[in-house]
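# Fold the following, please.
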Amino acid sequence: MRTRDPRPNLDRDRIVRTALAVIDRDGVAGLTMRKFGAELGVDPMAVYYYLPDKGALFDAVVEAVHDEMGELEVGPDATWQSVVWEASQRMRTVLRRHPHTVPLIGTRPVLSPKMLAASDRLIGQLVDTGLTAATALNILACVRAFTIGYLLIEVGVPAGPPIEKAGEVGDVMAGYPALAAGMAQGYDPDRQFDLGLRALVDGWVASAGSGH
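Below is the predicted model of the structure:
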């Protein structure tokens, strides 16, 4: 009896791309190895020829999402504020395409040579604008936390059962006039994100002088 090749047309790149596609569609919890093997058309154990365990698969997905962000092209007139702004905006743009990966990005610090090299380059770019390496790292950590936290609210999938709507917004807000007045301008996620990011960057300048 002919046996099925456990690794037909399989390589690490295909595995990671497929894993990201499954997470985009079904969420992190939907990536079971049994279903993943069926998606690839292989025995699930075949994946472990290329990645040692499921944690390594998740780390590879995180790396793939970061790859989509690309590298910044920093001109000679760049400031640390402009570099940080662009890095945060790119992260938000990419993670809005992959909302189910936000918890992975936020909770799985990948220490692969590729990820470490990317972080090193970004910190180096900030150092070139006049910051110390320590200050650059602190600023990036704060801005990254803000960006990921904002995205959890903006595009994150609610935990637990579906949230029941409480009726028409106008009817609900009628009993809360201050809240209604604050919401009167409507919800503009881009404007709100930019305001928060600008406040964080400008606040760093105000609290730390030049940011050094």
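# Which stretches in the protein count as helices?
12-26, 33-40, 54-69, 80-97, 102-107, 113-128, 133-154, 169-173, 177-182, 189-208 (DSSP state H).
# Alpha carbons only: can I get stretch 94-113 in PDB?
Included here for stretch 94-113 are C-alpha records, laid out as PDB according to Å, rounded to 0.1, in the frame of the first residue of the first chain:
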ATOM      1  CA  VAL A  94       0.000  46.300   9.300                       C
ATOM      2  CA  LEU A  95      -1.800  45.100  12.500                       C
ATOM      3  CA  ARG A  96      -5.100  46.400  11.200                       C
ATOM      4  CA  ARG A  97      -4.700  43.900   8.400                       C
ATOM      5  CA  HIS A  98      -4.000  41.200  10.900                       C
ATOM      6  CA  PRO A  99      -6.100  42.000  13.900                       C
ATOM      7  CA  HIS A 100      -6.100  38.500  15.400                       C
ATOM      8  CA  THR A 101      -2.300  38.700  15.700                       C
ATOM      9  CA  VAL A 102      -2.300  41.700  18.000                       C
ATOM     10  CA  PRO A 103      -2.200  39.600  21.200                       C
ATOM     11  CA  LEU A 104       0.700  37.600  19.800                       C
ATOM     12  CA  ILE A 105       2.600  40.700  18.900                       C
ATOM     13  CA  GLY A 106       1.900  42.200  22.300                       C
ATOM     14  CA  THR A 107       2.800  39.100  24.400                       C
ATOM     15  CA  ARG A 108       5.500  37.200  22.500                       C
ATOM     16  CA  PRO A 109       8.800  39.000  22.400                       C
ATOM     17  CA  VAL A 110      10.700  37.100  19.700                       C
ATOM     18  CA  LEU A 111      14.400  37.000  20.300                       C
ATOM     19  CA  SER A 112      15.400  35.600  16.900                       C
ATOM     20  CA  PRO A 113      18.500  37.100  15.200                       C
END
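# model confidence over that stretch, on average?
Stretch 94-113 comes out with an average pLDDT of 93.
# Same question for stretch 68-75.
Mean per-residue pLDDT for stretch 68-75: 89.
# Give me the distance from it to the chain's centre.
16 Å (Cα atoms, centre = their mean, to the nearest Å).
# Go through that stretch and flag the buried ones.
Within stretch 68-75, the residues scored as buried using 16 or more other Cβ atoms under 10 Å are 69, 72, 74. Where you see a C-beta, it was placed from the backbone N, CA and C, and this is true even at glycine.
# returning to that earlier point: hey, least reliable of the helices of the chain by pLDDT?
helix 169-173 (a mean of 67).
# Out of the helices of the chain, which gets nearest to residue 46?
The closest of the helices of the chain to residue 46 is helix 33-40. By Cβ to Cβ, the value is 7.2 Å.
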